[in-house]
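Student: Build me a structure from this.
(one chain, ligands or ions: 1)
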Amino acid sequence: MNRLQILAICFLATLSPLFFTGCAFDGPQYPTTYGPTPTPVTSVVTISGSTYIPGSVTIVHGGSVIWNNTDPYNHSVFPDNGAGSCATDIPLGAGLSTTVTYPSPITIHYHCSIHASACNATCAASCTGMVGVVVVQ
Ligand SMILES: [Cu+2]
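Tutor: So this is what the prediction gives:
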């Protein structure tokens, strides 16, 4: 074996660990699919331009919904009780927030007592205008 052959073998021997290392560590391997998106425990509804954003939120029971009034004027969150009757209106002054926790599965329709109409003395889904819904699973 001549000197050139020895150098070639040494050179290849030096490269082989790098080659295998390079194959083995291409960086973290993340899955490309993650399964269903988990339902959030807490959802935030932003009140802006006399609109609840998003208009519909879904949470798991035991979770909460936070309403943030970012408008420079008053609103409210006036929910039904899940059976078509009114619950308690929650006034929300400019810049204020309120949090409601839902211990059991239920669907609650709500509206702003200032900016919704056609509620016909109920707090049900018949309201138009500034309305929203909370689905508790
Ligand atoms: Cu309002």
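
Student: What's the end-to-end length of stretch 29-48?
Tutor: 41 Å (CA to CA, to the nearest Å).

Student: what comes up buried for it?
Tutor: Across stretch 29-48, burial judged by 16 or more other CB atoms under 10 Å covers Ser43, Val45, Thr46, Ile47. Where you see a C-beta, it was placed from the backbone N, CA and C, and this is true even at glycine.

Student: Which strands and helices lie in contact with the longest strand seen in the chain?
Tutor: Criterion DSSP state E: the longest strand present in the chain is strand 106-117. On a contact count with 3 or more CB pairs under 8 Å, 6 or more residues apart in numbering; DSSP states H and E, strand 106-117 meets strand 75-79, strand 128-136.

Student: Could I get the buried residue list for it?
Tutor: Ile106, Ile108, His109, Tyr110, His111, Cys112, Ser113, Ile114, His115, Ala116.

Student: Output the buried residues of stretch 29-48 as TSV; include the columns pLDDT and secondary structure.
Tutor: Listed next are the buried residues of stretch 29-48 as TSV, based on pLDDT from 0 to 100; DSSP: H, G, I helix; E, B strand; the rest coil:
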residue	pLDDT	secondary structure
Ser43	96	strand
Val45	98	strand
Thr46	98	strand
Ile47	98	strand
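
Student: Just the closest of those to the ion, please.
Tutor: Nearest to the ion among the buried residues of stretch 29-48, counting by CB to the ion, is Ile47 at 7.2 Å.

Student: In contact with the closest one, which residues?
Tutor: Going by CB atoms under 8 Å, 6 or more residues apart in numbering, Ile47 touches Ile53, Trp67, Asn68, Asn69, Thr70, Asp71, His75, Leu92.

Student: Thanks a lot, see you next time.
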